[in-house]
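Undergrad: model this:
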Amino acid sequence: MTATLLIRLAGPLQAWGTGSRFLHRDTDPERPTKSGVLGLLAAADGHHRDQHDTDYPDALPLAILAKLRFGVRADRPGVLIRDFHTVGGGRFPIRPRDVILDHRRADGVPEAESQEEGPFGVVDLPTWYGAPKGIHPDESGTLQAKAAVGRTPLITTRWYLSDAAFVAGVESDDRALLERLADRLDRPRRMVWLGRKNCPPAERLSHGVHDGAIESVLERTALLPNATEAEPYTWVETSPGQQDSVPVADQPVSFSSRHRVHVQRWEHRRHIPLREPDIRWESP
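TA: Below is the predicted model of the structure:
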């Protein structure tokens with residue numbers, strides 16, 4: 001029997017990128033993407049981007065998650081905002097804990113006058129620039145840069161949806177699969193976020209598994225308590241070429257950081273009227 005897992009996506013910030021690059025990180029201005037929501041489910045289940053991780057050998061492969069039918073309703077569309085993020089540049093300080101936890105690093109720190117800031121002071125290397133992850137101690141403990149360390153910072157542009165709330169659903173004929181995913185959302189194996197790592201969810205994610213296809217379940221699902229739309233738009237996955245459907249390129253094939261791949265799927269946007277909702281939410 002067909003069933004649908006409901007997922008509440010609400011938080012101060014959300015970011016569902018569709019074409020992000022290093023200097024420009026975008027977000028879909030209207031709703032979460034299928035790729036982003038499946039990524040959230042994959043993380044909760046313990047999936048590793050490159051599928052080589054042995055911490056959770058029973059984690060579901062992406063190919064299984066990708067077969068889920070997807071839909072999302074924008075009860076509170078939120079506001080599109082832009083943030084500027086500066087990376088690189090500046091001096092790289094040696095933190096007290098780095099010296100305490102790594103004797104090689106301690107041996108490699110040159111003698112320098114300690115500035116009295118905090119109980120341990122701060123040892124500063126005025127000639128080192130760049131991000132900490134580009135600087136590591138060698139075998140002798142001397143700090144070395146593995147790559148060229150630039151002195152010029154970069155300003156990146158990052159877009160977010162602020163104060164938004166959505167009701168997403170994933171549909172399957174395998175109810176046991178949906179029950180497993182619902183349990184993982186309540187007890188995630190890895191960190192979960194609303195599209196980007198600095199976007200934690202503000203509410204419980206799982207809202208249970210319900211009998212029926214996405215459309216019928218959303219018809220019975222009340223608006224979120226903080227909804228701003230009386231008749232919110234809903235985007236539902238459809239068969240290719242179905243009337244009034246449009247293609248979107250957010251069907252994930254690989255989440256690998258070095259070989260991320262998405263292909264086209266089809267969806268349509270419409271209003272799904274509420275019919276005496278019996279699936280309700282706890283008031284904040």
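Undergrad: So the spatially closest residue to residue 173 that is not a sequence neighbour versus residue 27, what's the distance?
TA: Nearest non-adjacent residue to residue 173, counting by CB to CB, 6 or more residues apart in numbering: residue 2, 5.5 Å away. Where C-beta positions appear, they are placed from N, C-alpha and C, glycine not excepted. Using CB to CB, to the nearest Å, one gets 31 Å for the distance from residue 2 to residue 27.
Undergrad: neighbour count winner among these two?
TA: Taking other CB atoms under 10 Å, residue 2 and residue 27 do not tie; residue 27 has more neighbours (28 against 15).
Undergrad: so the more buried one touches residue 17, yeah?
TA: Yes - between residue 27 and residue 17 there is a contact under CB atoms under 8 Å: 5.9 Å.
Undergrad: shared neighbours of the two, which are they?
TA: The contact sets of residue 27 and residue 17 overlap at residue 195 (CB atoms under 8 Å, 6 or more residues apart in numbering).
Undergrad: where do the helices sit along this structure?
TA: Along the chain, the segments classed as helices by DSSP state H run 34-45, 62-65, 96-101, 103-108, 175-186, 214-219.
Undergrad: Please produce CSV containing the ones you listed, extended by mean pLDDT.
TA: Shown next, in CSV, are the helices of the chain (pLDDT from 0 to 100):
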stretch, mean pLDDT
helix 34-45, 96
helix 62-65, 94
helix 96-101, 61
helix 103-108, 58
helix 175-186, 98
helix 214-219, 96
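Undergrad: Out of these, which gets nearest to residue 229?
TA: The closest of those to residue 229 is helix 214-219. By CB to CB, the value is 13.2 Å.
Undergrad: if we can go back for a sec, show me the contacts for the residue nearest to residue 173.
TA: 171, 172, 173, 211, 212, 213.
Undergrad: confidence score at it?
TA: Listed pLDDT for residue 2 reads 97.
Undergrad: I figured residue 36 hits residue 195, correct?
TA: Yes - proximity of residue 36 to residue 195 meets the contact threshold set by CB under 8 Å, at 4.7 Å.
Undergrad: Skipping its backbone neighbours, what lies nearest residue 46 in space?
TA: Nearest to residue 46 is residue 56, by CB to CB, 6+ apart, at 3.1 Å.
Undergrad: Report pLDDT for residue 87.
TA: pLDDT, residue 87: 74.
Undergrad: Let me know the distance separating residue 247 from residue 155.
TA: Counting by CB to CB - residue 247 and residue 155 are separated by 33 Å.
Undergrad: Could you pull up the contacting residues of the residue sitting nearest the centre point of the chain?
TA: The centre of the chain sits closest to residue 195, judged by CA atoms, centre = their mean, with a distance of 2.7 Å. By CB under 8 Å, 6+ apart, the residues touching residue 195 are 14, 15, 16, 17, 27, 32, 33, 36.
Undergrad: Select only the buried ones of these in PyMOL?
TA: PyMOL command restricting the contacts of residue 195 to the buried ones, with burial defined by 16 or more other CB atoms under 10 Å:
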select buried, resi 14+15+16+17+27+32+33+36
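Undergrad: Adding distance to residue 233, write the contacts of residue 195 out as JSON lines.
TA: Converted to JSON lines, these look like this (distance: CB to CB, whole Å):
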{"residue": "14", "distance to residue 233": "16"}
{"residue": "15", "distance to residue 233": "20"}
{"residue": "16", "distance to residue 233": "15"}
{"residue": "17", "distance to residue 233": "20"}
{"residue": "27", "distance to residue 233": "17"}
{"residue": "32", "distance to residue 233": "13"}
{"residue": "33", "distance to residue 233": "15"}
{"residue": "36", "distance to residue 233": "18"}
